[in-house]
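**Student:** Below are the sequence and a predicted model for it; my questions follow.
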Amino acid sequence: MLFGAPGSGKGTQSARLIDEYGLYHISTGELLRQHIKNGTELGKVADGYISKGQLIPDDLMIRILDETLDKEASGKNGVVFDGFPRTIPQADALKQLLRRRGYDLSAVVGLEVPEDELVTRMLQRGKETGRADDNIETIKNRLKVYHDQTAPLREYYIKEGKYLPVNGHGVVDEIFGNIAKGLREMAGIDSRK
Ligand code: AMP
(Lines give C-alpha, C1' and ligand atoms only; values in the text may rest on other atoms or scores of the structure.)
Protein backbone atom coordinates (compact mmCIF):
# COMPACT_ATOMS: atom_id res chain seq x y z
CA MET A 1 0.00 0.00 0.00
CA LEU A 2 1.14 3.51 -0.73
CA PHE A 3 0.10 5.85 2.02
CA GLY A 4 0.48 9.60 2.34
CA ALA A 5 -1.16 13.00 2.17
CA PRO A 6 -2.64 14.28 -1.09
CA GLY A 7 0.27 15.42 -3.23
CA SER A 8 2.80 13.14 -1.50
CA GLY A 9 3.60 11.29 -4.75
CA LYS A 10 1.50 8.12 -4.37
CA GLY A 11 0.50 8.08 -8.04
CA THR A 12 4.05 8.68 -9.26
CA GLN A 13 5.59 6.00 -7.07
CA SER A 14 2.75 3.55 -7.83
CA ALA A 15 3.67 3.70 -11.49
CA ARG A 16 7.24 2.68 -10.67
CA LEU A 17 6.17 -0.08 -8.31
CA ILE A 18 3.79 -1.61 -10.84
CA ASP A 19 6.43 -1.58 -13.50
CA GLU A 20 9.29 -2.96 -11.42
CA TYR A 21 7.36 -5.51 -9.36
CA GLY A 22 4.70 -6.67 -11.83
CA LEU A 23 1.80 -5.50 -9.70
CA TYR A 24 -1.71 -4.33 -10.40
CA HIS A 25 -2.59 -0.73 -9.53
CA ILE A 26 -5.77 0.10 -7.64
CA SER A 27 -6.17 3.87 -7.30
CA THR A 28 -9.58 4.70 -5.88
CA GLY A 29 -9.19 8.37 -6.88
CA GLU A 30 -8.37 7.41 -10.47
CA LEU A 31 -11.26 4.96 -10.57
CA LEU A 32 -13.68 7.63 -9.37
CA ARG A 33 -12.34 10.20 -11.85
CA GLN A 34 -12.97 7.68 -14.67
CA HIS A 35 -16.57 7.34 -13.50
CA ILE A 36 -16.96 11.13 -13.45
CA LYS A 37 -15.50 11.35 -16.95
CA ASN A 38 -17.87 8.64 -18.23
CA GLY A 39 -20.87 10.29 -16.56
CA THR A 40 -21.95 7.14 -14.64
CA GLU A 41 -24.31 7.22 -11.65
CA LEU A 42 -21.38 6.54 -9.33
CA GLY A 43 -19.49 9.36 -11.05
CA LYS A 44 -22.28 11.79 -10.30
CA VAL A 45 -22.35 10.84 -6.63
CA ALA A 46 -18.54 10.90 -6.36
CA ASP A 47 -18.24 14.31 -8.02
CA GLY A 48 -20.30 15.90 -5.25
CA TYR A 49 -17.74 14.81 -2.66
CA ILE A 50 -14.53 15.12 -4.67
CA SER A 51 -15.21 18.68 -5.80
CA LYS A 52 -15.54 19.69 -2.14
CA GLY A 53 -12.45 17.79 -1.08
CA GLN A 54 -14.53 15.42 1.06
CA LEU A 55 -14.29 11.66 1.28
CA ILE A 56 -16.78 9.36 -0.40
CA PRO A 57 -18.74 7.54 2.35
CA ASP A 58 -17.04 4.42 3.69
CA ASP A 59 -19.77 1.90 2.84
CA LEU A 60 -19.85 2.98 -0.81
CA MET A 61 -16.05 3.08 -1.09
CA ILE A 62 -15.66 -0.36 0.50
CA ARG A 63 -18.24 -1.86 -1.86
CA ILE A 64 -16.39 -0.42 -4.87
CA LEU A 65 -13.10 -1.81 -3.63
CA ASP A 66 -14.61 -5.24 -3.04
CA GLU A 67 -15.88 -5.37 -6.64
CA THR A 68 -12.60 -4.06 -8.03
CA LEU A 69 -10.61 -6.76 -6.24
CA ASP A 70 -12.78 -9.45 -7.83
CA LYS A 71 -12.79 -7.93 -11.30
CA GLU A 72 -9.23 -6.81 -11.67
CA ALA A 73 -6.88 -8.19 -9.09
CA SER A 74 -7.42 -11.94 -9.12
CA GLY A 75 -4.55 -13.84 -10.68
CA LYS A 76 -2.08 -10.95 -10.36
CA ASN A 77 1.30 -11.02 -8.58
CA GLY A 78 -0.08 -8.55 -6.13
CA VAL A 79 -1.70 -5.18 -5.85
CA VAL A 80 -0.60 -1.65 -5.04
CA PHE A 81 -3.32 0.18 -3.15
CA ASP A 82 -3.08 3.89 -3.83
CA GLY A 83 -5.52 6.16 -1.97
CA PHE A 84 -7.27 3.34 -0.10
CA PRO A 85 -7.81 3.02 2.83
CA ARG A 86 -8.37 6.60 3.97
CA THR A 87 -10.24 5.92 7.22
CA ILE A 88 -10.03 3.39 10.06
CA PRO A 89 -13.27 1.63 8.97
CA GLN A 90 -11.80 1.29 5.46
CA ALA A 91 -8.60 -0.21 6.92
CA ASP A 92 -10.62 -2.70 8.98
CA ALA A 93 -12.67 -3.59 5.90
CA LEU A 94 -9.54 -4.06 3.79
CA LYS A 95 -8.21 -6.53 6.34
CA GLN A 96 -11.42 -8.59 5.99
CA LEU A 97 -11.52 -8.35 2.20
CA LEU A 98 -7.93 -9.56 1.90
CA ARG A 99 -8.31 -12.30 4.49
CA ARG A 100 -11.42 -13.64 2.76
CA ARG A 101 -9.38 -14.05 -0.42
CA GLY A 102 -6.36 -15.54 1.34
CA TYR A 103 -4.21 -12.45 0.77
CA ASP A 104 -2.22 -10.42 3.24
CA LEU A 105 -0.97 -6.86 3.34
CA SER A 106 2.83 -6.94 2.92
CA ALA A 107 3.78 -3.37 3.71
CA VAL A 108 2.47 0.17 4.03
CA VAL A 109 4.86 2.63 2.40
CA GLY A 110 4.31 6.01 4.03
CA LEU A 111 5.47 8.90 1.85
CA GLU A 112 6.34 11.71 4.23
CA VAL A 113 6.42 15.20 2.70
CA PRO A 114 6.29 18.65 4.36
CA GLU A 115 2.93 20.41 4.08
CA ASP A 116 4.09 23.47 2.10
CA GLU A 117 5.61 21.14 -0.49
CA LEU A 118 2.31 19.25 -0.80
CA VAL A 119 0.44 22.45 -1.60
CA THR A 120 3.05 23.55 -4.16
CA ARG A 121 2.91 20.18 -5.90
CA MET A 122 -0.88 20.04 -6.09
CA LEU A 123 -1.14 23.59 -7.45
CA GLN A 124 1.44 22.70 -10.08
CA ARG A 125 -0.43 19.49 -10.98
CA GLY A 126 -3.66 21.48 -11.26
CA LYS A 127 -1.99 23.79 -13.79
CA GLU A 128 -0.48 20.93 -15.78
CA THR A 129 -3.38 18.48 -15.84
CA GLY A 130 -6.46 20.58 -15.13
CA ARG A 131 -7.40 18.22 -12.29
CA ALA A 132 -10.49 19.88 -10.84
CA ASP A 133 -9.79 19.34 -7.13
CA ASP A 134 -6.24 20.76 -7.36
CA ASN A 135 -7.30 24.33 -6.54
CA ILE A 136 -6.30 26.11 -3.35
CA GLU A 137 -9.75 26.04 -1.74
CA THR A 138 -10.26 22.29 -2.24
CA ILE A 139 -6.61 21.52 -1.44
CA LYS A 140 -7.02 23.12 2.01
CA ASN A 141 -10.05 20.97 2.68
CA ARG A 142 -8.35 17.80 1.44
CA LEU A 143 -5.42 18.43 3.79
CA LYS A 144 -7.77 18.96 6.71
CA VAL A 145 -9.66 15.78 5.88
CA TYR A 146 -6.31 13.99 5.62
CA HIS A 147 -5.21 15.14 9.08
CA ASP A 148 -8.58 14.38 10.70
CA GLN A 149 -9.49 11.07 9.07
CA THR A 150 -6.54 9.53 7.27
CA ALA A 151 -3.41 10.41 9.27
CA PRO A 152 -4.49 8.17 12.23
CA LEU A 153 -3.86 5.19 9.94
CA ARG A 154 -0.15 5.82 10.35
CA GLU A 155 -0.35 4.72 14.00
CA TYR A 156 -2.71 1.90 13.01
CA TYR A 157 -0.13 0.38 10.68
CA ILE A 158 2.82 1.14 12.96
CA LYS A 159 1.06 -0.98 15.60
CA GLU A 160 0.66 -3.77 13.04
CA GLY A 161 4.38 -3.61 12.28
CA LYS A 162 3.66 -2.83 8.63
CA TYR A 163 4.52 0.85 8.35
CA LEU A 164 7.58 1.73 6.30
CA PRO A 165 8.30 5.47 6.49
CA VAL A 166 10.00 6.95 3.42
CA ASN A 167 11.13 10.52 2.93
CA GLY A 168 8.98 11.61 -0.02
CA HIS A 169 10.72 14.96 -0.47
CA GLY A 170 13.28 14.87 -3.27
CA VAL A 171 14.04 13.24 -6.58
CA VAL A 172 11.58 10.58 -7.84
CA ASP A 173 14.31 7.96 -8.54
CA GLU A 174 15.91 8.42 -5.16
CA ILE A 175 12.58 8.09 -3.36
CA PHE A 176 11.83 4.95 -5.32
CA GLY A 177 15.26 3.56 -4.41
CA ASN A 178 14.44 4.05 -0.74
CA ILE A 179 11.07 2.35 -1.16
CA ALA A 180 12.69 -0.64 -2.88
CA LYS A 181 15.36 -0.90 -0.17
CA GLY A 182 12.73 -0.71 2.57
CA LEU A 183 10.52 -3.36 0.95
CA ARG A 184 13.47 -5.71 0.63
CA GLU A 185 14.59 -5.25 4.22
CA MET A 186 11.20 -5.13 5.87
CA ALA A 187 9.09 -7.55 3.87
CA GLY A 188 11.61 -9.52 1.79
CA ILE A 189 10.01 -8.23 -1.42
CA ASP A 190 12.29 -7.97 -4.44
CA SER A 191 11.75 -6.32 -7.79
CA ARG A 192 11.35 -8.72 -10.75
CA LYS A 193 13.96 -6.74 -12.73
P1 AMP B 1 -6.87 10.84 -4.86
O2 AMP B 1 -6.74 10.76 -6.34
O3 AMP B 1 -6.44 9.57 -4.15
O4 AMP B 1 -6.21 12.05 -4.27
O5 AMP B 1 -8.43 10.97 -4.54
C6 AMP B 1 -9.19 12.07 -5.01
C7 AMP B 1 -10.50 12.17 -4.26
O8 AMP B 1 -11.27 10.98 -4.45
C9 AMP B 1 -10.39 12.31 -2.74
O10 AMP B 1 -10.19 13.66 -2.34
C11 AMP B 1 -11.75 11.76 -2.28
O12 AMP B 1 -12.78 12.71 -2.49
C13 AMP B 1 -11.98 10.63 -3.27
N14 AMP B 1 -11.41 9.36 -2.75
C15 AMP B 1 -10.38 8.65 -3.28
N16 AMP B 1 -10.12 7.55 -2.55
C17 AMP B 1 -11.01 7.56 -1.53
C18 AMP B 1 -11.24 6.70 -0.42
N19 AMP B 1 -10.48 5.61 -0.20
N20 AMP B 1 -12.25 7.03 0.44
C21 AMP B 1 -13.02 8.11 0.24
N22 AMP B 1 -12.84 8.97 -0.78
C23 AMP B 1 -11.84 8.71 -1.67
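**Tutor:** Structure received.
**Student:** Going by C-alpha atoms from here, please, whenever you check contacts or count neighbours.
**Tutor:** Will do.
**Student:** Now do the strands in the chain.
**Tutor:** Secondary structure of the chain (DSSP state E): strands located at 2-4, 24-27, 79-82, 108-112, 163-167.
**Student:** So which of those is the most surrounded?
**Tutor:** Mean neighbour count (mean count of other C-alpha atoms under 10 Å) peaks for strand 2-4 among the strands of the chain, with a mean of 25.
**Student:** per-residue confidence for the closest residue to residue 178 other than its chain neighbours?
**Tutor:** For residue 178, ignoring the flanking residues on the chain, the nearest one in space by C-alpha to C-alpha, 6 or more residues apart in numbering is residue 166 at 6.7 Å. For residue 166, the pLDDT comes out at 98.
**Student:** hang on, isn't residue 166 packed against residue 180?
**Tutor:** No: contact criterion C-alpha atoms under 8 Å: residue 166 and residue 180 do not qualify, at 10.2 Å.
**Student:** Need the overlap of contacts for those two.
**Tutor:** With contacts defined as C-alpha atoms under 8 Å, 6 or more residues apart in numbering, no residue is shared by residue 166 and residue 180.
**Student:** Identify the residues contacting residue 21.
**Tutor:** With contact taken as C-alpha under 8 Å, 6+ apart, residue 21 is in contact with 190, 191, 192, 193.
**Student:** Equivalent analysis for residue 139, please.
**Tutor:** 53, 119, 122, 133.
**Student:** Quick check, pLDDT for the spatially closest residue to residue 16 that is not a sequence neighbour.
**Tutor:** With C-alpha to C-alpha, 6+ apart as the criterion, residue 16 has its nearest non-adjacent residue at 7.4 Å, and that residue is residue 176. We have a pLDDT of 97 for residue 176.
**Student:** Get me the contact residues on this structure for the ligand.
**Tutor:** With C-alpha under 6 Å from any ligand atom as the criterion, the chain comes near the ligand at residues 6, 28-30, 49-50, 53-56, 61, 83-86, 142.
**Student:** I'm done for today, thanks for sticking with me.
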